[in-house]
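Q: Make a model of this:
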Amino acid sequence: MNSGEGIRGVRGRASTWLRNDVGLLIGALGLSLVGVVLVWSATRASSGGSAALKQLVALAVGMGCAAAVTRLDVRTVRALAPVVYVLAVLGLAAVVTPLGSTVNGSRSWIRLPGGMSLQPSEFMKVALAVGLAMLLAERAERGLRQRHRDVVLAWVVAGIPVLLVLAQPDLGSALVLVAMSVVIIAAAGAPWLWTAAVLVAGAGAVAAAFLTPVLSGYQRNRLRAFLDPTLDPQGIGYQTRQVRIAIGSGGLGGQGLFAGRQTQGGFIPFQESDFVFSVAGEELGFLGAAGVVLLIGFIVVRCLVVARRADAFGRLVAIGVAVWLGVQAFENVGMNLGLMPVTGLPLPFVSSGGSSLIASWVAVGLVGNVARASGRVRRTVPRQATG
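A: Model (predicted):
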């Protein structure tokens, strides 16, 4: 190969990467690195740097997965969607068998060798986004309203993982899956009566989960403590009170990284996962916490921008990812501020947890794949028109 061909090859590879959404990649990387620092601050007194190191390893794995997904041909992504969905459902089913392990009343993890664990519900969010998009894209591409049988099939596809996640039980992840399904199916052109009926049914299901023994006692106490923290003053009531103290004491500029009294004193259980936002609020203050929220909002907006430029399949995938990240971030920040009940949902890209971080980066890879495919189409169409 001569030097000219080598230069053209390098330029071709650079052009391929420039067709990706660079802003999305930078935003996700910046937020992930902030998460590593916050996890380190929350755990350095108890475990040194081991939790932060695990987070860095998960970040490297997630970025590698995102790069691989971005490079796939979009037709390959569509073809693999059923396989990914089936594997994710099998993972959820395995959780409720003896392979699963219980933490805080929820049987949501599968223990792996080397002290690692896998949370299949996180990867189910990826599988549901591509699965529903593959199922509904054909009629959406032609601008046709979805038939009732198509919508029924889509809700069966969505309902299976929702029921399996509720069986763990994990109400937070189930709500995220339902929100993704409602928006994807509605965006694909489903009759509006279906959307209204599902929203009513969802509200009834949440009420039933609250009033019946579907949830574990630990999770019901979390929901009740949201309404009245004095019901569990030594448990979740204590935890949420300490979180609010931490965030309130941060002021405008914070107490300084690694200097938060509540965080460094270990007063907040599971702070590196469920309540990592309180580390930002206490040590980085309102400005730092607002920066975290703005980064998340930027990522969600970039997903929607990519969706606007994409074909039907890509649009539904990107919308699903935007809803997933947006709803999950809203719930996590809301439970830190005392505005939402504690459900145990991680803050995307920030909370400690390899499964959540890797799945979030796979989602970035999917949106990057959609952006790359959209860029290729925009470059090809004018050339065809002038030929």
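
Q: quick one: secondary structure of Pro269?
A: Three-state assignment for Pro269 (DSSP: H, G, I helix; E, B strand; the rest coil): coil.

Q: Check Trp109 too.
A: strand.

Q: Surely it and Val96 touch.
A: No - Trp109 is beyond contact range of Val96, at 11.5 Å (criterion: CB atoms under 8 Å). To be clear about C-beta, it is placed using only N, CA and C from the backbone, and glycine gets the same treatment.

Q: Have a look at those two and say which one is more surrounded.
A: Per other CB atoms under 10 Å, whichever of Trp109 and Val96 has more neighbours is Trp109, with 21 against 13.

Q: need the helices for the stretch 101-250 of the chain, in chain order.
A: 120-141, 148-166, 171-187, 192-211, 217-227, 236-249 (DSSP state H, counting those that start in this stretch).

Q: Between these, which one is closest to Glu282.
A: Closest approach to Glu282 among the helices of the stretch 101-250 of the chain (CB to CB): helix 236-249, 4.1 Å.

Q: Near the closest residue to His148 other than its chain neighbours, how many residues? Count them for me, please.
A: Nearest-residue entry for His148: Pro191, 7.3 Å, with adjacent residues in sequence omitted and distances by CB to CB, 6 or more residues apart in numbering. By the measure other CB under 10 Å, the count of residues near Pro191 is 14.

Q: in terms of contact, does Pro191 touch Arg149 like I think?
A: No - judged on CB under 8 Å, Pro191 makes no contact with Arg149 at a distance of 11.9 Å.

Q: mind showing which ranges of this protein have poor pLDDT?
A: 1-20, 104-105, 114-115, 205-236, 376-387 (pLDDT under 70).

Q: Go ahead and list the helix or strand containing the residue nearest the centre of the chain.
A: Nearest to the mean C-alpha position of the chain, by CA atoms, centre = their mean, lies Leu325 at 4.5 Å. Leu325 belongs to helix 312-336 when assigned by DSSP states H and E.

Q: same question, Gly365
A: Applying DSSP H and E, one finds Gly365 within helix 354-386.

Q: quick one: the helix holding Leu325 to helix 120-141, angle?
A: 140 degrees (axes from the mean of the first three to the mean of the last three CA atoms, to 10 degrees).

Q: And helix 312-336, what does it pack against?
A: helix 74-95, helix 120-141, helix 171-187, helix 236-249, helix 276-279, helix 285-309, helix 354-386 (3 or more CB pairs under 8 Å, 6 or more residues apart in numbering; DSSP states H and E).

Q: Need these in JSON lines (columns: distance to Pro113 and mean neighbour count).
A: Formatted as JSON lines, the helices and strands packed on helix 312-336 follow (distance: least, CB to CB, whole Å; neighbours: other CB atoms under 10 Å):
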{"stretch": "helix 74-95", "distance to Pro113": "16", "mean neighbour count": "17"}
{"stretch": "helix 120-141", "distance to Pro113": "17", "mean neighbour count": "24"}
{"stretch": "helix 171-187", "distance to Pro113": "25", "mean neighbour count": "23"}
{"stretch": "helix 236-249", "distance to Pro113": "31", "mean neighbour count": "20"}
{"stretch": "helix 276-279", "distance to Pro113": "27", "mean neighbour count": "29"}
{"stretch": "helix 285-309", "distance to Pro113": "33", "mean neighbour count": "19"}
{"stretch": "helix 354-386", "distance to Pro113": "14", "mean neighbour count": "20"}
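
Q: among the ones you listed, which is nearest Gly338?
A: Closest among those, using CB to CB: helix 236-249, at 5.6 Å.

Q: which parts of the very next helix or strand once past that closest one are buried?
A: Counting by DSSP H and E, the element after helix 236-249 in chain order, helix or strand, is helix 261-264. Buried residues in helix 261-264, counted by 16 or more other CB atoms under 10 Å: 262-264.

Q: what about the closest residue to Ala363 other than its chain neighbours, how many neighbours?
A: Spatially, and ignoring its direct neighbours in sequence, Ala363 is nearest to Val321 (4.5 Å; CB to CB, 6+ apart). By other CB under 10 Å, 28 other residues sit near Val321.

Q: what residues are up against Val321?
A: If you count contacts by CB atoms under 8 Å, 6 or more residues apart in numbering, Val321 has them with 129, 303, 363, 366-367.
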